[in-house]
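**Student:** coordinates only, no sequence provided:
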């Protein structure tokens, strides 16, 4: 697992919020740190892409509505995307348990994220001092090199340790847990994706009557057993019908101006 742990650790660093190497946030945070994408990449590295994608989809549903205003994160999605999904695949317990592991590791990852922010404030202060002195080399070191080195250590090292050493023990550890614990993790992991979808619906639906379309999609999948291609076609048709036949807003009736002389 040495090479696999190195590759997953590097991906974790490249997808971090403050890593600039993959077109900044575009290729890193907003692409390879999405659990749907990282699940495929981690599954490919570990030799089980199918399980990686299945776990990635389940984890993505939990965090699909997560936003990070001003860098404030309820969970560190970067650690969710890589060490958590890797341990979920290695545990062999299915996507529900992987989702529960991801939720736990994601919350714990905010501790390291906040530690990095504290260390960055230290480097920023040193960069300000170097700027006042006119020391260009020290300015570059404290504004570019040392913050990225800190980011690398706090992303790569925990991920490498979790994958390299966790691979030896995670399966046996999960098998040793009591059935009630595994059952609880399965129930929790099954509920969390629904919570993520509910948060997303609350953010995007302005009129509660629009929930009828969500319920139509639910009926199509659960009862009519339609696949995703058929559901997309049904959704497109409903969107076209709604757009073309929705009631137009009432227009105000224009009144002719009244001349004061006409009153007499």
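**Tutor:** In hand now; what should we look at? Predicted model, so just to flag it, every value in this text is computed and none were measured.
**Student:** can you report how many residues neighbour residue 172?
**Tutor:** Other residues within reach of residue 172, judged by other Cβ atoms under 10 Å, total 9. Any C-beta I mention is one placed from the backbone N, CA and C, and that applies to glycine too.
**Student:** so where do the helices sit in the stretch 101-250 of the chain?
**Tutor:** 136-140, 146-176, 179-204, 211-222, 228-245 (DSSP state H, counting those that start in this stretch).
**Student:** for these, which one sits closest to residue 121?
**Tutor:** Of all these, it is helix 146-176 that lies closest to residue 121, at 10.1 Å by Cβ to Cβ.
**Student:** for that closest one, what is the average pLDDT?
**Tutor:** The average pLDDT within helix 146-176 is 85.
**Student:** what distance separates that helix from the centre of its chain?
**Tutor:** Computed by Cα atoms, centre = their mean, to the nearest Å, the separation of helix 146-176 from the middle of its chain amounts to 19 Å.
**Student:** mind giving me the packing neighbours of that helix?
**Tutor:** The contact analysis (3 or more Cβ pairs under 8 Å, 6 or more residues apart in numbering; DSSP states H and E) places helix 146-176 against helix 2-14, helix 77-79, helix 85-91, helix 95-133.
**Student:** got the helices of the stretch 101-250 of the chain as JSON lines, with distance to residue 73 columns?
**Tutor:** Shown next, in JSON lines, are these (distance: least, Cβ to Cβ, whole Å):
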{"stretch": "helix 136-140", "distance to residue 73": "28"}
{"stretch": "helix 146-176", "distance to residue 73": "14"}
{"stretch": "helix 179-204", "distance to residue 73": "15"}
{"stretch": "helix 211-222", "distance to residue 73": "27"}
{"stretch": "helix 228-245", "distance to residue 73": "30"}
